[in-house]
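*Asks:* mind folding the following:
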Amino acid sequence: MRKKNLENLQHVLVWRYGSKSDSIKPVIVSQNPDLKMLGPVLSNPGARTVLMMRNNLREAYQQVESKSARFETASVNARQEAETAMSQIIGYDPDDTTLLEIGANCATTPINSTTRWSPTCSHGRRATT
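*Replies:* Numbers count the residues shown, from 1 in each chain. Model prediction:
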């Protein structure tokens, strides 16, 4: 086996199983989705470099995952978190304005410099692009 191929194999084995002697945890924690992410990461030089330097599969996968897919995931996660927060509303203290400030900050945070929120929000604003 060529030396370069042996080095590559060693990297893959460490990513899959970790290394107790080097105190490195495996990046493949579960077969799915981790193995599904590994293929595109290994095929992309930038993502592969991130994986080699940071030993973080999710961070490396962000180099190959489309922005729309990342936005979709973030949106679904945000909705889940909002539903969790709303289920705990019984514990809200109306005298504490901290949560109102956090909510107002979230509502006014710009998405980026060229695009603003497009659907009509509950607060009635319709954004433009």
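
*Asks:* tell me which residues are up against the lengthiest helix in the chain.
*Replies:* Longest helix of the chain, by residue count under DSSP state H: helix 67-87. Residues from elsewhere that reach helix 67-87 (Cβ atoms under 8 Å, 6 or more residues apart in numbering): Q62. The way it works is simple: take the backbone N, C-alpha and C, and place the C-beta from them, glycine included.

*Asks:* over to stretch 17-29?
*Replies:* Residues from elsewhere that reach stretch 17-29 (Cβ under 8 Å, 6+ apart): 14-16, 34-35, 38, 51, 55-57.

*Asks:* and those residues, which of them are in helices?
*Replies:* Checking the contacts of stretch 17-29 against DSSP H, those in helices are 14-16, 38, 51, 57.

*Asks:* closest to I102 among the contacts of stretch 17-29?
*Replies:* Nearest to I102 among the contacts of stretch 17-29: N56, at 28.3 Å, using Cβ to Cβ.

*Asks:* which residues does the closest one contact?
*Replies:* Contacts of N56 by Cβ under 8 Å, 6+ apart are 27, 50.
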